[in-house]
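In: The sequence and its predicted three-dimensional model are supplied below.
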Amino acid sequence: MFRKFVYLLALAQERHFGRAAERCHVAQPTLSNAIRQLEADLNVPIVERGQKFGGFTPEGLKVLDYARRIVAERDNLHHELLVLAQGLSGHLRLGAIPTGLPVIPQILAPFSARYPHIRASVTSLSSREVQRGLDEFTIDAAVTYLDNEPLNNVRTLPLYSERYYLLVQRGQIGDAALATGAVTWEAAAGLRLCLLTPDMQNRRIADTAFRMTGRAVEPVLETNSIVTLYTIVRGGHCASVVPGQLLTCVPTDPEVVAVPLVEPTLSYVVGLAYADRDPPAQLAKALAVALTDDDIGQRVAIATASALTPWRLALA
């Protein structure tokens, strides 16, 4: 039964019988027959069949969800037994929202120092992709928003509060904004803007803030890269709404200023999230413990304040 579940998960990932069979290193008839046997064992149709793979039936989606849990539990058990025999090892799969990528080095530092032999990979994901990755056990943990669009079935560790700035060429805003050191969301709405794509939660936060002022914004340019926001503004094409963390990893420019956005003043918590399982996945738990022991929230706050100082001075 377990091997059939593995074949089913491969089919869900590849959405093609031939590629799924290649992934499992078996012949296509072997994989197809195994899934038909699974349907017979459970007495439900699992796969919509035609000339090619047509998706899963409602019953099949239930079976698929169960298969993910069973395979993940097997993997977790295997890893726990390996830890008992050899100590913690393996491959940490970490997801991160694009606006959280600048803090990844600080997050991995205490973990890597404690477990130098563990490999890590980081994938940029939207917050919705993070939820799916945690649900489907394709990532071990993620750096993502915790309180704006809360995740389901996760354990969390807050890391920092995300705040928002208008990144703009100095000549595109008035002296009043520079003098007061702040600009309203309503005033920002009147500028040519480059924003993140709508699938990004940071963009949805910005859209909500603009709507709170009675403004609906149509950006002249959209991107899914926070670094591109900076390069576009630096090139003088338009202004942008950016999280403070972006400013910690890009150089200051005498012609570009970052002005805090107010009315409303918004702040959302970003933190570590991992699947709420008992026991939790070993690598995710080890990462959370390492970050807690290292007081990573305080370290991120200090590093962020230091990195933002040149931007604040540029407003003076």
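Out: Sure, I can see it. Numbers count the residues shown, from 1 in each chain.
In: Tell me how many other residues surround residue 170.
Out: Residue 170 has 13 neighbours, counted by other CB atoms under 10 Å. For the C-beta atoms, the positions are set from N, CA and C on the backbone; glycine is no exception.
In: how does the chain divide into domains?
Out: As given by automatic domain parsing, the domain ranges for the chain are 2-80, 88-161+269-308, 164-266.
In: and residue 314, which of those is closest to it?
Out: domain 164-266 (5.5 Å; CB to CB).
In: Adding distance to residue 314 and mean pLDDT as columns, could you present the domains of the chain in JSON lines?
Out: Conversion of the domains of the chain to JSON lines gives the following (distance: least, CB to CB, whole Å; pLDDT from 0 to 100):
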{"stretch": "domain 2-80", "distance to residue 314": "47", "mean pLDDT": "83"}
{"stretch": "domain 88-161+269-308", "distance to residue 314": "10", "mean pLDDT": "90"}
{"stretch": "domain 164-266", "distance to residue 314": "6", "mean pLDDT": "91"}
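In: Among those, which comes closest to residue 315?
Out: domain 164-266 (5.2 Å).
In: For the closest one, what is the distance to the chain centroid?
Out: 21 Å (CA atoms, centre = their mean, to the nearest Å).
In: Also stretch 291-308?
Out: When distances are taken as CA atoms, centre = their mean, stretch 291-308 is centred 19 Å away from the chain's centroid.
In: wait, is residue 287 part of a strand?
Out: No: counting by DSSP: H, G, I helix; E, B strand; the rest coil, residue 287 is not found in a strand; it is helix.
In: which ones are touching it?
Out: 92, 94, 107, 111, 140, 141, 272, 274 (CB atoms under 8 Å, 6 or more residues apart in numbering).
In: Please enumerate the strands of the stretch 151-300 of the chain.
Out: In the stretch 151-300 of the chain, the segments counted as strands under DSSP state E, counting those that start in this stretch are 154-162, 164-169, 183-184, 193-196, 221-223, 239-243, 256-262, 268-275.
In: Just name the most buried of the ones you listed.
Out: Comparing these on average neighbours per residue, with mean count of other CB atoms under 10 Å, the densest one is strand 239-243 at a mean of 26.
In: who does that one pair up with?
Out: Note on strand 239-243: by DSSP bridges, its sheet partners are strand 164-169 (antiparallel), strand 193-196 (parallel).
In: C-alpha coordinates for it, CSV please?
Out: C-alpha atoms of strand 239-243 as CSV (Å, rounded to 0.1, in the frame of the first residue of the first chain):
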residue,chain,number,x,y,z
ALA,A,239,8.2,55.1,-7.3
SER,A,240,7.4,52.1,-5.2
VAL,A,241,6.0,50.8,-1.9
VAL,A,242,8.7,48.6,-0.3
PRO,A,243,9.1,46.7,3.0
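In: Go ahead and name everything in contact with it.
Out: Strand 239-243 is contacted from outside by 99, 162-169, 172-173, 188, 191-195, 202, 206, 226, 229-230, 232-233, 258, 261, using CB under 8 Å, 6+ apart.
In: wait, residue 137 sits on residue 73?
Out: No: counting by CB atoms under 8 Å, residue 137 sits too far from residue 73 to count as a contact (9.4 Å).
In: of those two, who's got more company?
Out: When residue 137 and residue 73 are compared on other CB under 10 Å, the one with more neighbours turns out to be residue 137, at 19 against 13.
In: is it true that the more buried one lies in a strand?
Out: No: under three-state DSSP, residue 137 sits outside any strand and is assigned coil.
In: name the element the spatially closest residue to it that is not a sequence neighbour belongs to?
Out: Spatially, and ignoring its direct neighbours in sequence, residue 137 is nearest to residue 72 (4.0 Å; CB to CB, 6 or more residues apart in numbering). If you go by DSSP states H and E, residue 72 is part of helix 58-86.
In: just checking, next helix/strand downstream of that helix?
Out: Assigned by DSSP H and E, the successor of helix 58-86 is strand 91-96.
In: Tell me the first helix or strand C-terminal of that following strand.
Out: Immediately after strand 91-96, counting by DSSP H and E, sits helix 104-114.
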